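**Q** Sequence and predicted structure below; questions after.
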Amino acid sequence: MRKCAALTPVVKIMNESDQGTITITVNGEERGVPAGLTVRDLLAHFELHERLVVVERNRQIVRRHQYGEVPVTAGDTIEFVHFVGGG
């Protein structure tokens with residue numbers, strides 16, 4: 001298992017002063033994202049497929065069936081982790 005080193009595509013970082021944005025930390029980097037997102041929405045925002053990553057929110061793994069229910073709030077620390085095959 002390894003953490004996603006970079007999120008693709010590059011996402012426009014919004015200032016907190018932009019109406020309706022919050023600041024969260026994603027894989028160690030502060031990001032501005034729209035307010036009111038769930039974990040599922042956040043994955044869509046970063047164009048990540050929910051079956052290809054594990055999401056950790058504030059040091060707790062979020063179960064996939066809860067992605068649509070768990071809110072993303074200002075100050076959250078989110079880690080996207082994906083599995084890599086090989087040998």
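**A** Arrived safely.
**Q** use CA for all of it now, contacts and neighbours both
**A** Noted.
**Q** how much distance is there from stretch 62-80 to the middle of the chain?
**A** 7 Å (Cα atoms, centre = their mean, to the nearest Å).
**Q** All the strands of this protein, in order from the start?
**A** 2-3, 21-26, 29-34, 54-57, 60-62, 77-82 (DSSP state E).
**Q** what pLDDT, on average, does the shortest one get?
**A** The average of the pLDDT scores along strand 2-3 is 54.
**Q** still on that earlier bit, now the strands of the chain as a markdown table including distance to Glu69 and mean neighbour count?
**A** Listed next are those as a markdown table, based on distance: least, Cα to Cα, whole Å; neighbours: other Cα atoms under 10 Å:
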| stretch | distance to Glu69 | mean neighbour count |
| --- | --- | --- |
| strand 2-3 | 23 | 12 |
| strand 21-26 | 18 | 19 |
| strand 29-34 | 16 | 18 |
| strand 54-57 | 13 | 19 |
| strand 60-62 | 10 | 13 |
| strand 77-82 | 15 | 20 |
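**Q** Of those strands, which shows the lowest average pLDDT?
**A** In terms of mean pLDDT, the lowest-scoring of the strands of the chain is strand 2-3 (a mean of 54).
**Q** Measure how buried Asp41 is and give me the count.
**A** Using other Cα atoms under 10 Å, Asp41 has 18 neighbouring residues.
**Q** Is it in contact with Gly68, as I believe?
**A** Yes - the criterion here is Cα atoms under 8 Å, and Asp41 meets it with Gly68 at 7.4 Å.
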